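Asker: Fold the following and give me the result.
(chains A and B)
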Amino acid sequence: MGIGDIWNLIAMQPMINTLIVLTNALFNNFGVAIIVLTLVVNGIIFPLTMKQVRASKAMQDLQPKIAELQKKYAKEKDKLAREQMKLFKESGVSPAGCLLPLLVQMPIWIVLFQSIMRVLAVIPENLVGLSDFLYSWPIVYTTLPLENHFLWLNLATGDIFLALLVGGTMWVQQKMVMTPNADPGKQSQSAMMLWMMPIMFAWLTMTFPSGLAIFWVTSNIFRIGMQYFIGGWGGLFKTESKKPAGRDKKYKERIAQVEELPEGGADIVVPTSTQEEGSSDEESGDKRPDSGGGYTKSIRAAKRKPRRGRGHRSKRG
Amino acid sequence: MRIRSAAPAGKIALLVILLLLGLTVLGCYGTKTSPEGGSGGTVAEDTLFLSPAVKASGGSFGCTPAAVDGKLVALSAADGTRFWEITLEGSRSGGGVFGCQSSASPAAVYGSPAVAGELVYVGGYNGKVYAINSSSGVLRWVYPREGTLEPIIGGVIVAMDRVYFSDADGKVYALDAATGDIQQGFPFTTGGKIWATPAVSGETLYIGCFDKKLYALSAIDGSKQWEYETEGAIASTPLVYNDMVYFGSFDRYFYALDAASGSLKWKFPADRWFWTKALVNNGTIYAGCFDGKVYALGAENGQELAALDVGSAVYSWPVLIDDRVIVANGEGEIYAIDTASNQETLLADIEEAVYAPLSAEGGVIYVYSQERNLYALNADSGVGLWNLTIK
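Answerer: Numbers count the residues shown, from 1 in each chain, chains lettered A, B, ... in the order given. A predicted model of the protein is given here:
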């Protein structure tokens, strides 16, 4: 049995048959089945997604410090790497924390994505291939082939409105997590990412079956809701961010401690003039309590401070 | 020189893009976004007519390959010499969204061409039916003359000087075979897609539909005579024999109905669904199934006479040669079933997937593979006589 067979057995077959049974249960409406299954899968991996989003946000909050280190050790790469690792360690942020949950989620997205592609089966070649993935449940055999019309959509073909919706929701989601960067180069890089992803996915939506676009739109809306829950509208509107809830405060507090205690730990020197970084603190949106000199207090000492209890945090909220 | 390393957020975004692109590519692995077709051959007067599969280059990153025109080719049945070929118009190469997706369906042909008199008929996924002079390859007529129908996936048949076919919109059409004019009473509209080829016996047309029903229509005026509902969609072409209609369904049953009334005579359960047309010889029905078996069933009572293991799913239509049923499985193995003993023997193995109907003439079997290769095999020994790549 090859890897492909194992993948089909443990991932593809369960997902495809679930999708078909769900369609049957939802009045043979494949579009609704895609939405429901996408939400269910998102719900199952919600803790992982939360972890990833929190880690990303914490990483973004550390950007000013990283920028300072990069500036100071521009010619000493080894030293820079050491200092960055030190900073991550002392602030309790793990770069892998952003990636590991994402990597764990990837197989789940791939199987959902592949299942939708296969179940649509609008041409004989694909319908024939689908038969290899079916369980011998009567409900599966009597439900196929699935009706591929949903609202105004033919789920088997691309749709321009849905493409705009995919691009739009993706842009909103990215804009929410995007934070201004003091470095103009990085700022333009972020701006490019902000537009490149939505445009790319809008283009893919027009060339792929609409069923996949429904999956993308549903996922995007789910993540927009989740982002709002975590940090409000973020970079989308220039309003006061929603206060972080629950465990997200932990990251914020640690990073705040790092910023408040400038001595020891990572060897960070804040530039004497904010002009050197290309923008003012106000423009960058970063809070810098000490912009005039080096940090003098050990971050380790700050880390040793007893954590505040949950009850106290809720009072702050 | 200062080396500026990308911010972790930027790296992560880049990684996400790469992963999503990978996801897109992986998601498409094993699935096709554009129809390829590839008809079986039809032999008439030493000429083999065939529509090759439509395959276009490109199509990476979820981009549907630009559609290319389909073809009908006429070959010498003896050695494969090409007599003529005609382009089946109706598709455009390029165009569409960002110059990537074709704005028209490719003229992929799934059903075997039908030959009657001096014309050969073929229907395409692009929603058009073509009548072409079988000697010269000159187009006689096309239906519809303007615009297109929904994709035509089943084959066309000719009976009573009419061409019968159906489309994915669930409509059954009858055209004048000489002129291509639509006949009064047609099209008849069913409740689902139709991918099957119709069968005509006497003045009745039988056709299976994705709405799970088998319809019996008047071949004269298109009026419905009866319908029979199964538990699954019907993609197999019906077989009419001794006043009975035989067909398989996605519900994994093979059915026998009374041809006049549509009442159920018997049904036979299998492990997977039925797709291909059945064959009959000396009162025995041979029905290939996706469970990798060919079932030999008594035509009268549905009694299982044999379940012949042919290794993998049977998609293509079988052929009957001298009391032997020739069957190709999805992996390219060609089996010969002796109808006297109901024993199968492996005749040849072309090692390429076979979906297209088989055809035979003069002791030669013609097999067109999904790799666009046409094989001519000796029906007795299975030895390859010649093969060609038909593009």
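
Asker: Please identify the residues of the stretch 201-350 of chain B in proximity to chain A?
Answerer: B:210, B:212, B:231-233, B:235, B:250-252, B:271-273, B:275, B:290, B:313, B:315, B:330 (CB under 8 Å from any CB of the partner chain). All C-beta atoms are positioned from the backbone trio N, CA, C, and that covers glycine.

Asker: Among those residues, name the buried ones.
Answerer: Buried members of these, counted by 16 or more other CB atoms under 10 Å in any protein chain shown: B:210, B:212, B:232-233, B:235, B:250-252, B:272-273, B:275, B:290, B:313, B:315, B:330.

Asker: What is the most widely separated pair among those residues?
Answerer: By the measure CB to CB, those have their two most distant members at B:K212 and B:G330, which lie 24.4 Å apart.

Asker: Can I get stretch B:338-358 in CSV, CA atoms only?
Answerer: C-alpha atoms of stretch B:338-358 as CSV (Å, rounded to 0.1, in the frame of the first residue of the first chain):
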residue,chain,number,x,y,z
ASP,B,338,-16.2,-17.7,-23.6
THR,B,339,-20.0,-17.6,-23.6
ALA,B,340,-20.3,-21.4,-23.8
SER,B,341,-18.4,-22.0,-20.6
ASN,B,342,-18.6,-18.5,-19.0
GLN,B,343,-14.8,-18.6,-18.4
GLU,B,344,-12.7,-15.5,-18.9
THR,B,345,-9.1,-15.4,-20.3
LEU,B,346,-6.7,-12.5,-20.5
LEU,B,347,-6.3,-11.7,-24.1
ALA,B,348,-4.0,-8.7,-24.0
ASP,B,349,-2.8,-6.0,-21.8
ILE,B,350,-2.2,-2.5,-23.2
GLU,B,351,-1.4,-1.1,-19.8
GLU,B,352,-3.3,2.1,-20.5
ALA,B,353,-6.7,3.1,-19.1
VAL,B,354,-9.6,2.3,-21.4
TYR,B,355,-12.9,4.3,-21.1
ALA,B,356,-14.0,4.4,-24.7
PRO,B,357,-16.3,1.7,-26.2
LEU,B,358,-14.6,-1.2,-27.9
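
Asker: ok, A:M226 touching A:T49?
Answerer: Yes. Between A:M226 and A:T49 there is a contact under CB atoms under 8 Å: 6.6 Å.

Asker: the helices in the stretch 151-300 of chain A, which residues?
Answerer: With DSSP state H, counting those that start in this stretch, the ranges of helices along the stretch 151-300 of chain A come out as A:160-177, A:184-207, A:210-231, A:248-260, A:281-284, A:299-304.

Asker: Tell me where the model's unsure across the stretch 201-350 of chain B.
Answerer: Filtered on pLDDT under 70, the stretch 201-350 of chain B yields no residues whatsoever.

Asker: just the helices in it please.
Answerer: Under DSSP H, counting those that start in this stretch, the stretch 201-350 of chain B gives no helices.

Asker: Up against chain B, what does the stretch 1-150 of chain A have?
Answerer: With CB under 8 Å from any CB as the criterion, the stretch 1-150 of chain A comes near chain B at residues A:56, A:59-60, A:63, A:66-67, A:70, A:74-75, A:77, A:95, A:98-99, A:102, A:106, A:109-110, A:113-114, A:117-118, A:123-129, A:131-132, A:134, A:136, A:138, A:141-142, A:144-145.

Asker: can you tell me which of those residues are in helices?
Answerer: A:56, A:59-60, A:63, A:66-67, A:70, A:77, A:98-99, A:102, A:106, A:109-110, A:113-114, A:117-118, A:124-129, A:138, A:141-142 (DSSP state H).

Asker: Can I get the buried part of these as one ChimeraX selection?
Answerer: The following ChimeraX line selects those of those that are buried, judged by 16+ other CB under 10 Å:
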select /A:56,59,60,63,66,67,70,98,99,102,109,110,113,114,117,118,124,125,126,127,128,141,142
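
Asker: residue contacts, A:L9?
Answerer: Applying CB atoms under 8 Å, 6 or more residues apart in numbering or on different chains to A:L9 gives the contacts A:M1.

Asker: pLDDT score assigned to it?
Answerer: Looking at A:L9, its pLDDT stands at 90.

Asker: Also A:P306?
Answerer: Note on A:P306: pLDDT of 44.

Asker: ok, now A:R247?
Answerer: At A:R247, pLDDT is 49.

Asker: How about B:F49?
Answerer: Value for B:F49, per-residue pLDDT: 96.

Asker: and it, that's in a strand?
Answerer: Yes. Counting by DSSP: H, G, I helix; E, B strand; the rest coil, B:F49 falls inside a strand.

Asker: For it, which residues are in contact?
Answerer: Per CB under 8 Å, 6+ apart, neighbours of B:F49: B:G41, B:T42, B:V43, B:L72, B:V73, B:A74, B:L75, B:P113, B:V115, B:V120, B:V122, B:S134.

Asker: Can you give me the distance of the closest residue in space to it that isn't next to it in sequence to B:A259?
Answerer: Excluding the flanking residues, the one nearest B:F49 by CB to CB, 6 or more residues apart in numbering or on different chains is B:P113, at 4.4 Å. Per CB to CB, to the nearest Å, B:P113 is found 27 Å from B:A259.

Asker: A:N17 too?
Answerer: 36 Å.

Asker: Between those two, which has more neighbouring residues?
Answerer: Just comparing A:N17 and B:A259: by other CB atoms under 10 Å in any protein chain shown the higher neighbour count belongs to B:A259, 23 against 19.

Asker: is it true that the residue nearest to B:F49 touches B:S51?
Answerer: Yes. Using CB under 8 Å, B:P113 makes contact with B:S51 at a distance of 6.7 Å.

Asker: what do those two both touch?
Answerer: Joint contacts of B:P113 and B:S51 (CB under 8 Å, 6+ apart) are B:S39, B:L72, B:V122.

Asker: would you list these in JSON lines and tack on pLDDT, neighbour count and secondary structure?
Answerer: Formatted as JSON lines, the shared contacts of B:P113 and B:S51 follow (pLDDT from 0 to 100; neighbours: other CB atoms under 10 Å in any protein chain shown; DSSP: H, G, I helix; E, B strand; the rest coil):
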{"residue": "B:S39", "pLDDT": "82", "neighbour count": "27", "secondary structure": "coil"}
{"residue": "B:L72", "pLDDT": "94", "neighbour count": "26", "secondary structure": "strand"}
{"residue": "B:V122", "pLDDT": "96", "neighbour count": "30", "secondary structure": "strand"}
